[in-house]
Structure formats: C-alpha cells, structure tokens
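Asks: Coordinates for the following, if possible.
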Amino acid sequence: MQASLIANATRSSGAIVCVSLPGLIWAEGPQRIPSTLAPASSSAHQIFDLSLFVTAITGGIFLVVGGLLAFALFKFRARPSDSSAEPAQIYGSSQIELAWTVIPVLIVVVLFLTTARIIFAIQDAPKPSAALDVTAIGHQFWWEFRYPKYDVVTANELHIPVSSKSMPRPTFLKLTSADVNHSFWVPQLGGKTDLIANHTNTMWLDPNTPGVYLGQCAQFCGAQHAMMLLRVYVDTPEQFDAWIKNQQEPSRQEPTAAAGKRIFETLACMNCHTVAGTAATGRFGPDLTHLMSRATLASGAIDNTPQNLREWVKSPDTFKRGALMPAMQLTDEQLDQLTAYLETLK
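Replies: Prediction:
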C-alpha cells in the first residue's frame with residue numbers, strides 16, 4: 001500500500017500522499033517530497049526549532065533511563081556464586097519518590113510553556129498592510145483558491161509572493177470547507193490547519209525562497225483523500241504580478257475550437273465548472289477559465305498534458321478512483337473536440 005502511494009506521488013511530480021508515511025528528508029529549498037526538516041518560512045522555522053528542543057529533551061530522557069536500565073541489568077545480573085536467599089527489601093525512599101515526581105513535572109511545564117509560546121507567536125502574528133488575502137476552500141477532492149482583492153479564482157495551485165525581512169509580504173489564508181473536514185498542510189511552509197464547513201480558520205505563510213512547495217490534505221476526507229494534493233508556487237514579485245494579470249484576463253478561446261465549446265456548454269460540464277466570459281457558471285467543480293496555466297490535473301494526480309486531459313475527461317476514475325467527476329460517455333470525435341477547446345483555456 002505504501003509503495004503504491006509513493007509511486008502515485010512520484011507520478012504526480014513528487015507530492016507525498018499520506019501524512020503518516022515516513023521518509024522525511026533534510027535539504028534546502030523546495031523539495032520533490034514535502035519535508036518538515038527543510039523549513040522555508042518563519043512559522044515553519046519556529047515549529048522546526050521547537051521540534052529540535054523537544055527531541056533534545058526527550059532524547060536526553062531516553063539516554064538517561066536507558067543508561068540506568070543497562071547499568072542495573074549489568075551490575076545486578078545473576079551470578080553462579082549468588083545465594084538463593086531473598087535479598088534485603090527496601091520499602092520506600094522519600095528522596096527517590098520526590099525526584100521522580102518533581103523532575104517530570106518540571107520537564108512537562110517547560111515543554112508546555114515553550115510550546116504555548118510558539119503557538120501564540122504564530123497565531124497572534126501581526127498582519128502587515130502589504131499582506132495578501134486568499135480564501136482557501138476544501139472540496140472532495142480538490143482545492144479552491146480565491147483572491148478577493150484581484151477577483152481571481154483558481155484551483156489546486158496556490159500562487160503567493162515571496163516574503164523577505166526587507167520586503168515582508170505574508171499571505172493570510174481564510175480556510176473553510178464546502179463539504180467534509182479537510183486540512184491544509186504544506187510541511188515546508190507551516191503546520192497544518194483544518195478546514196471545517198460553516199467555520200473559518202486562519203493561517204499565514206511568509207515563504208522566503210521562491211519555488212514550488214508541495215502539500216496534502218492532512219485530514220481523512222473520503223475515498224480520494226490520498227490524492228487531494230496541492231502546490232504552492234512562491235513567486236518573485238514580478239512573477240506574481242504577471243500571474244495575477246494573466247488570471248484576470250478572459251480565457252483565450254480560439255474560433256477553431258467552437259465545436260468543443262458547444263459540447264462543453266450543452267452537456268453537464270457547464271453545470272459544474274466556470275469559464276469566465278461564457279455561459280458556464282458552475283461552482284461544484286474547479287474554475288476552468290485558465291485551466292492550461294496549471295501544471296497538473298485532478299488536484300495534482302497527473303501532469304496537465306493534452307493526452308492526460310483527454311483521458312481524464314474520458315474516464316476520471318482511471319486516474320482518481322472515487323472522483324466525483326463522472327465519465328461523460330463521449331465519442332472519440334467529441335473527446336477530441338472538447339479537449340481542443342479546453343486546451344485554449346490559458
């Protein structure tokens with residue numbers, strides 16, 4: 001099972017598929033496999049430093065307890081010369097009982113206070129005026145991202161600007177769900193935060209290195225939870241402005257794809273999807289206005305190529321068993337025409 005999941009992750013450009021899988025790696029910059037050991041934002045660095053502190057304390061406890069146990073096993077091991085008489089019994093020691101009560105309490109208090117300080121530092125971080133606001137909505141089994149300031153809607157691939165100490169521009173996310181509980185988790189950029197229907201949670205990201213960071217829904221949400229992947233593109237200011245400008249433009253629909261457009265608008269496609277500037281205003285599925293500007297399909301399940309797009313439309317269940325998008329039972333000619341139309345949505 002684990003090998004299969006990792007194979008799927010590799011096929012979809014490296015996103016890990018289950019939060020309980022091992023194999024975290026230590027390296028700098030964006031990773032093919034998400035890693036909590038390569039923090040790339042302020043909150044991720046704080047969480048990483050806390051994990052090192054906790055590991056040092058618990059590791060020290062393990063070494064002390066394990067060392068004392070090994071010493072006792074060696075020193076008091078049975079010997080041929082030992083008598084069979086029962087050894088002297090010692091009943092109670094105030095000093096030992098006090099030590100094994102006070103020391104663990106102090107350790108727990110230190111861990112509690114340190115953890116609470118990090119939690120409040122992350123949750124109560126001030127929001128600068130230059131911050132970017134994004135609303136993230138979890139669906140079975142894909143992500144919707146809305147940029148209210150720019151009137152931009154996209155899916156599965158979150159674009160945010162890089163943030164630095166000299167030019168801080170963090171991204172503040174409002175998280176909610178359209179159906180069941182989900183959880184937003186990009187290990188290199190911060191801890192996970194749940195998305196709950198009819199409730200808004202918040203989190204912020206201030207990545208300091210441009211690149212692509214991979215994430216995953218970290219809350220079991222149904223049959224395709226493992227393939228509810230996401231990508232965070234951390235852009236330079238120029239790249240982010242160019243991406244926003246492209247997303248604000250109407251989709252480039254070629255006249256030669258008119259037959260495919262008619263198929264899209266006369267079948268159930270338009271009931272689930274939106275294409276700005278057309279009669280398609282569905283909200284159940286991802287916004288397809290700039291579909292071909294995305295690197296992947298099906299929430300990161302496969303690369304966004306014309307062949308994969310055609311096969312996805314033909315039989316979504318082939319790539320994502322349990323996906324809520326139905327197979328439309330199109331003829332080969334209709335598939336070719338519809339794919340040609342979708343390829344114009346750049």
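Asks: Where does the prediction get shaky in the protein?
Replies: Along the chain, the model assigns pLDDT under 70 to residues 1-32, 252-253.
Asks: Do you have the helices of it handy? List them.
Replies: Using DSSP state H, the helices found in the chain span residues 2-11, 42-75, 94-123, 237-248, 258-266, 269-272, 306-314, 316-319, 332-342.
Asks: Nearest approach to residue 200 belongs to which of those?
Replies: helix 94-123 (14.1 Å; Cβ to Cβ). Every residue, glycine included, has its C-beta placed from N, CA and C.
Asks: and that closest one with helix 42-75, angle?
Replies: Taking axes from the mean of the first three to the mean of the last three Cα atoms, to 10 degrees, one finds helix 94-123 and helix 42-75 inclined to each other by 160 degrees.
Asks: What distance do you get for residue 262 to residue 269?
Replies: Note on residue 262: its distance to residue 269, by Cβ to Cβ, to the nearest Å, is 11 Å.
Asks: From the neighbour counts alone, determine which of these two ranks first.
Replies: Taking other Cβ atoms under 10 Å, residue 262 and residue 269 do not tie; residue 269 has more neighbours (21 against 13).
Asks: What residues does the residue nearest to that one when sequence neighbours are not counted make contact with?
Replies: Nearest non-adjacent residue to residue 269, counting by Cβ to Cβ, 6 or more residues apart in numbering: residue 280, 7.0 Å away. By Cβ atoms under 8 Å, 6 or more residues apart in numbering, the residues touching residue 280 are 264, 265, 269, 270, 273, 274, 288.
Asks: Buried subset of the residues you listed as a PyMOL selection?
Replies: Command for PyMOL that selects the buried part of the contacts of residue 280, burial taken from 16 or more other Cβ atoms under 10 Å:
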select buried, resi 264+269+270+273+274+288
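Asks: could I get the contacts of residue 280 as JSON lines with distance to residue 82?
Replies: Listed next are the contacts of residue 280 as JSON lines, based on distance: Cβ to Cβ, whole Å:
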{"residue": "264", "distance to residue 82": "87"}
{"residue": "265", "distance to residue 82": "91"}
{"residue": "269", "distance to residue 82": "84"}
{"residue": "270", "distance to residue 82": "87"}
{"residue": "273", "distance to residue 82": "81"}
{"residue": "274", "distance to residue 82": "83"}
{"residue": "288", "distance to residue 82": "81"}
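Asks: which one among the contacts of residue 280 gets closest to residue 223?
Replies: Among these, and counting by Cβ to Cβ, the member closest to residue 223 is residue 273, at 21.2 Å.
Asks: Could you pull up the residues touching the closest one?
Replies: Contact analysis of residue 273 by Cβ under 8 Å, 6+ apart lists 280, 282, 284, 285, 286, 287, 288.
Asks: between those residues, which has the most around it?
Replies: Counting neighbours by other Cβ under 10 Å, residue 286 leads these with 25 neighbours.
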